[in-house]
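Asker: no FASTA, just this:
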DNA sequence: ATGCCGAAGTTACTTCGA
């Protein structure tokens, strides 16, 4: 079976692209982030016509996560245990479900904005809660992966120029330590191959010709437990989906499994 | 070729993203 994770940067704006991509790549399970719409505005009928059940958690113009599945969708859980709030709101940044033989989580980790911004402390607090929350699913009987936009480059090799943004978010030791703590729950990074160039970047900013110049970052990750890892037969970043007008600024990460 | 930012809420800008 085939699973994928993709920050689509607005479900409404990307719907036609999403439907075309589902038809061309035939994933069984897709984790989406940055829906940027409320649950009531999720196009359930169009996704059902494409063959997918949908579980979503969206509140409005920011954040929002979903899981699409054509192999069953049950035991849906929104959020994580002790999820920290920001400005008094528990934001829609995590949803977990059982899809056929898999347990999957769609995650949108806070950006952090700037190391001096309260959003950065929020990011680290979210990751700390995630590390504790992930233990049960990581140790569970089902193959499990926490997939999504972690907003962290795990190593300097996961960013086009590690010195481009000194002291900025996504590459700090504090964020990498927080990511390591999530992995310590019993999960490992399923490292994808790149379709072009050496590094499997998943994000390129819309600005400054970053995509044509391949100034990217690998921030969309799949952290998997041993049962999931053992089933992986291939993993790649579909950078072709980043091309052209109307693309998200993130490309999908696709994982094939012997399940 | 992959091409100089885009989405959403609101109404001319603002906020956010990484």
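Answerer: Noted; the coordinates are in hand. What you see is a predicted model; the values in this text were computed from it and never measured. Residues are numbered from 1 along each chain as shown, chains lettered A, B, ... in the order given.

Asker: State the distance from residue A:203 to residue A:190.
Answerer: Distance check for residue A:203 against residue A:190: by CB to CB, to the nearest Å, it reads 17 Å. In short, each C-beta sits where N, CA and C put it, glycine included.

Asker: Same check on residue A:246?
Answerer: Residue A:246 is 28 Å from residue A:190, where distance means CB to CB.

Asker: ok, the two, which is more surrounded?
Answerer: More neighbours surround residue A:190 than the other of residue A:246 and residue A:190, with 19 against 8 (other CB atoms under 10 Å).

Asker: Check whether that one really touches residue A:230, as I assumed.
Answerer: No: Residue A:190 is not in contact with residue A:230 according to CB atoms under 8 Å; the separation is 11.2 Å.

Asker: Read off the pLDDT value for the residue in the stretch 151-259 of chain A that DNA strand B sits nearest to.
Answerer: Nearest to DNA strand B, among the residues of the stretch 151-259 of chain A, is residue A:212, at 2.7 Å (CB to the nearest atom of the strand). We have a pLDDT of 92 for residue A:212.

Asker: Phi, psi for it please.
Answerer: Main-chain dihedrals, residue A:212, degrees, to the nearest 10: phi -60, psi -30.

Asker: can you check residue A:52 too?
Answerer: With angles defined as degrees, to the nearest 10, residue A:52 sits at phi -120, psi 140.

Asker: Could you tell me how many residues sit around it?
Answerer: By other CB under 10 Å, 23 other residues sit near residue A:52.

Asker: List the residues that contact it.
Answerer: Residue A:52 makes contact with A:22, A:30, A:68-70, according to CB atoms under 8 Å, 6 or more residues apart in numbering.

Asker: Identify each buried residue in stretch A:3-14, please.
Answerer: For stretch A:3-14, burial by neighbour count (16 or more other CB atoms under 10 Å) applies to A:3-9, A:11, A:14.

Asker: Apart from its neighbours in sequence, what residue is nearest the residue nearest to the spatial centre of chain A?
Answerer: The structure's chain A has its C-alpha centroid closest to residue A:148; by CA atoms, centre = their mean the separation is 1.2 Å. In space, and not counting its chain neighbours, residue A:148 is closest to residue A:107: 3.3 Å by CB to CB, 6 or more residues apart in numbering.

Asker: Mean confidence (pLDDT) on the longest helix along chain A, please.
Answerer: Longest helix in chain A, counting residues (DSSP state H): helix A:118-138. In this model, helix A:118-138 has a mean pLDDT of 96.

Asker: List the buried residues of it.
Answerer: Buried-residue list, helix A:118-138, by 16+ other CB under 10 Å: A:119-127, A:129-131, A:133-134, A:137-138.

Asker: Kindly report the same for stretch A:238-258.
Answerer: Those would be A:238-239, A:241-242, A:247-257, for stretch A:238-258 by 16+ other CB under 10 Å.

Asker: what subset of these is also close to DNA strand B?
Answerer: Counting by CB under 7 Å from any atom of the strand, A:247, A:249-250 from the buried residues of stretch A:238-258 sit close to DNA strand B.

Asker: chain center to the helix or strand hosting residue A:227: distance?
Answerer: Using DSSP states H and E, the element containing residue A:227 is helix A:226-231. Put simply, helix A:226-231 sits 18 Å off its chain's centre (CA atoms, centre = their mean, to the nearest Å).

Asker: same question, stretch A:13-33
Answerer: In terms of CA atoms, centre = their mean, the centre of stretch A:13-33 is set 14 Å apart from its chain centre.

Asker: Please apply the same query to stretch A:136-148.
Answerer: Distance, centroid of stretch A:136-148 to centroid of chain: 14 Å (CA atoms, centre = their mean).

Asker: residues making contact with it?
Answerer: Against stretch A:136-148 from outside (CB under 8 Å, 6+ apart): A:3, A:5, A:7, A:31, A:33, A:65, A:96, A:98, A:101-109, A:130, A:134, A:182, A:185-187, A:190, A:220-225, A:227-228, A:230-231, A:253, A:255, A:257, A:259.
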